[in-house]
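> Predicted model, plus sequence, below.
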Amino acid sequence: MAKLNIVILAAGKGTRMYSDKPKVLHHIAGKAMLQHVVDTASSLNPDKIIVVYGHGGESVPNALANHSATFVLQEPQLGTGHAVKQALPQLDEDGITLVLYGDVPLIQQDTLTKLLNDENALTLLTQNLDNPKGYGRIVRDKAGKVTSIVEEKDASPVQREIQEINTGILAAPTKYMRVWLKNLSSENAQREYYLTDIVAMAVKQGVKINSEQPGYEWEVIGINNKSQQADLERTWQRELASRLLQQGVTLADPARLDIRGELICGRDVEIDVGCIFEGKVQLSNNVKVGAYNVIKNANIAANTNIAPYSHIDNVEIGDGCQIGPFARIRPGTKLQNDVHIGNFVEIKNSDIAKGSKANHLSYIGDATIGSRVNIGAGTITCNYDGANKFRTVIEDDAFIGSDTQLVAPVTIGRGATIGAGSTITKDTPAGELTLSRSKQISVTGWIRPTKKK
């Protein structure tokens, strides 16, 4: 198979975004537009990915520093043809070059695969639009063969009536692309080097020209301003919601769901309104997610119920757990089966074993908690001395009374009981009651002060 070069054009300033950030680094579904394109390009297993950047300086290469793409600077920006020309030294001669755009983020792998079926042809991705305003038009002869692409600013009134538009995405043999790019001219309304001019050259040379259309219109929508970005965001979220519905997930309102990464759902999963899923989230069978939860990089086992307004970040949650409402579970936490974390409880970097409960108004940080432990309201693990973090260990079957401070490092023995209102600074024995309180007294004859007139 011929070698595959993929050139991604990402040099535009994005003036209408009214932002100091390069246009291609603005997000769709929680990920930079350019990252969407690079990820899809990578799925084709190309030999090379070349990103042509310009505005924003090194911020574009830096944003994709973990990717193996090659970055080429276009300076100044003199059009799409000029941009692809900057990548020529990086291209393998014997193969196909596929041209994509960093501000057309939702192009799909299946559509691109269709462009690569004929290694000897120039293959264009076109789209029929009811309103083609602003796009270059595909000009065909009476036999239906493509003869040229004309930009709207250069088009005649008759050509502007054409509804088949050029998406800009194309594939061609690299050996032809080199010749065509060298012969480009800037004799046009914009005084730029149009990549689309290679079509007329291909016709003149007798190179076969094919055209394909995307599976969905939203695949070829480009972003030039914040309004278009918001519209495409909602379009993509509706598509993601539709896929979940087709898999059997129950969504209270598909229009009020945001997936900013990957959401994997088992059977009989229910998701209420206003939920946000970031990174990679896995919801196993019978998980119920209440309204307005934010869940990021989490693996949630079967039969767990997450009540509304909880924040869950980089955690593992076992089978049959009850979380929230208003719970915050922070990175490094692992909850085993049947754990209950209630309202206004914060957990950080802690392991909590089967059947333990912290139902009200508590902070548990850097702790290892055994099975069947009950943590009363207002309990705090005091894990930080201002410089270092220390661990609290609570063994199986312990009972921690309300308003208790456990000053780490400290171990609460198996089956121990800590009296309410205690501050524990030393290890406590198993099976014993431990408490630390001032003696309660009542002062006879004491009179409450009154306000002086």
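Structure's in. What do you need?
> Show me the strands in the stretch 1-150 of the chain, by range?
3-10, 27-28, 31-32, 48-53, 70-73, 95-101, 122-128, 137-140, 146-150 (DSSP state E, counting those that start in this stretch).
> Can I get these in a markdown table including mean neighbour count, mean pLDDT and distance to residue 213?
For the C-beta atoms, the positions are set from N, CA and C on the backbone; glycine is no exception. Below are the strands of the stretch 1-150 of the chain laid out as a markdown table (neighbours: other C-beta atoms under 10 Å; pLDDT from 0 to 100; distance: least, C-beta to C-beta, whole Å):
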| stretch | mean neighbour count | mean pLDDT | distance to residue 213 |
| --- | --- | --- | --- |
| strand 3-10 | 24 | 96 | 20 |
| strand 27-28 | 18 | 98 | 22 |
| strand 31-32 | 18 | 96 | 25 |
| strand 48-53 | 24 | 96 | 24 |
| strand 70-73 | 17 | 95 | 30 |
| strand 95-101 | 24 | 96 | 16 |
| strand 122-128 | 22 | 97 | 6 |
| strand 137-140 | 21 | 95 | 11 |
| strand 146-150 | 21 | 92 | 13 |
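> and those strands as a markdown table, adding distance to residue 275?
What follows is those, written out as a markdown table (distance: least, C-beta to C-beta, whole Å):
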| stretch | distance to residue 275 |
| --- | --- |
| strand 3-10 | 32 |
| strand 27-28 | 18 |
| strand 31-32 | 18 |
| strand 48-53 | 34 |
| strand 70-73 | 36 |
| strand 95-101 | 31 |
| strand 122-128 | 33 |
| strand 137-140 | 42 |
| strand 146-150 | 44 |
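> where does the chain have low pLDDT?
For the chain, the stretches flagged by pLDDT under 70 are 1.
> Just give me how far the biggest helix by length in it sits from the chain centre.
Longest helix in the chain by number of residues (criterion: DSSP state H): helix 226-246. In terms of C-alpha atoms, centre = their mean, to the nearest Å, the centre of helix 226-246 is found 13 Å from the chain centre.
> Please enumerate residues in contact with it?
With C-beta atoms under 8 Å, 6 or more residues apart in numbering as the test, helix 226-246 has contacts from 17-18, 26, 28-29, 105-106, 216, 218, 221-223, 251, 254-255, 257-259, 263, 265, 271.
> if I pick residue 406, what's in contact with it?
Contacts of residue 406 by C-beta under 8 Å, 6+ apart are 379-382, 392, 394, 400, 412, 418, 424.
> Check residue 316 too.
298-299, 333-335.
> list the contacts for residue 98?
4-7, 41, 44, 46, 112, 115-116, 169-171.
> Return the set of residues that bridge with residue 294.
residue 276, residue 311 (DSSP bridges).
> Check whether it really touches residue 278, as I assumed.
Yes - applying C-beta atoms under 8 Å, one finds residue 294 in contact with residue 278, separated by 7.3 Å.
> joint contacts of those two?
Counting by C-beta under 8 Å, 6+ apart, nothing touches both residue 294 and residue 278.
> What's the separation between residue 60 and residue 72?
11 Å (C-beta to C-beta, to the nearest Å).
> what residues are shared contacts of these two?
Counting by C-beta under 8 Å, 6+ apart, the residues touching both residue 60 and residue 72 are 51, 53.
> just to revisit the earlier point, now do the buried residues in the longest helix of the chain.
229, 232-233, 235-237, 240-241, 244 (16 or more other C-beta atoms under 10 Å).
> sorry, back to before: to residue 177, which of the strands of the stretch 1-150 of the chain lies closest?
With C-beta to C-beta as the criterion, residue 177 lies closest to strand 95-101 of those, at 5.1 Å.
> closest to residue 191 out of the strands of the stretch 1-150 of the chain?
strand 146-150 (16.4 Å).
> Could you list every helix and strand in contact with that closest one?
strand 137-140, helix 198-205 (3 or more C-beta pairs under 8 Å, 6 or more residues apart in numbering; DSSP states H and E).
> check contacts around residue 125.
111, 115, 167-170, 211-214, 220.
> can you check residue 222 too?
101, 103-104, 168, 228.
> can I get the residues you listed in TSV with distance to residue 429?
Conversion of the contacts of residue 222 to TSV gives the following (distance: C-beta to C-beta, whole Å):
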residue	distance to residue 429
101	69
103	66
104	67
168	74
228	67
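> Now compare these and name the two farthest from each other.
168 and 228 (15.5 Å).
> got the contact list for the closest residue to residue 3 other than its chain neighbours?
Leaving aside its sequence neighbours, residue 3 sits nearest to residue 95 (C-beta to C-beta, 6 or more residues apart in numbering; 3.2 Å). Listed by C-beta under 8 Å, 6+ apart, the contact partners of residue 95 are 2-5, 47, 173-174.
> what would the contacts of residue 125 look like in TSV with secondary structure?
As requested, those are exported to TSV (DSSP: H, G, I helix; E, B strand; the rest coil):
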residue	secondary structure
111	helix
115	helix
167	strand
168	strand
169	strand
170	strand
211	strand
212	strand
213	coil
214	coil
220	helix
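> could you flag which of these are buried?
Judged by 16+ other C-beta under 10 Å, buried ones among the contacts of residue 125: 111, 115, 167-170, 211-214, 220.
> What number of residues are in the vicinity of residue 386?
4 (other C-beta atoms under 10 Å).
> Mind telling me what element it is part of?
Using DSSP states H and E, residue 386 maps to neither a helix nor a strand.
> Enumerate the positions of the helix or strand containing residue 259 that are buried.
For residue 259, the host element (DSSP H and E) is strand 257-265. Judged by neighbour count (16+ other C-beta under 10 Å), strand 257-265 contains these buried residues: 257-260, 263, 265.
> Give the pairing partners of whichever helix or strand comes after that strand; include direction for each.
With elements assigned by DSSP H and E, the helix or strand that comes after strand 257-265 is strand 270-271. Strand 270-271 pairs in its sheet with strand 250-251 (parallel), strand 288-289 (parallel), by DSSP bridges.
> How far off centre is strand 270-271?
20 Å.
> what does that strand contact?
Residues contacting strand 270-271 (C-beta under 8 Å, 6+ apart): 244, 249-252, 257, 287-289.
> Could you rerun that using 7 Å?
249-252, 257, 288-289 (C-beta atoms under 7 Å, 6 or more residues apart in numbering).
> What segments of this protein are helices?
Going by DSSP H, the chain shows helices at 33-42, 59-63, 80-87, 109-115, 174-182, 198-205, 226-246.
> Of those helices, which is nearest residue 159?
Using C-beta to C-beta, those put helix 198-205 closest to residue 159, at 13.7 Å.
> Would you mind getting the angle between that closest one and helix 80-87?
Interaxial angle, helix 198-205 versus helix 80-87 (axes from the mean of the first three to the mean of the last three C-alpha atoms, to 10 degrees): 80 degrees.
> Quote the end-to-end distance of stretch 7-15.
23 Å (C-alpha to C-alpha, to the nearest Å).
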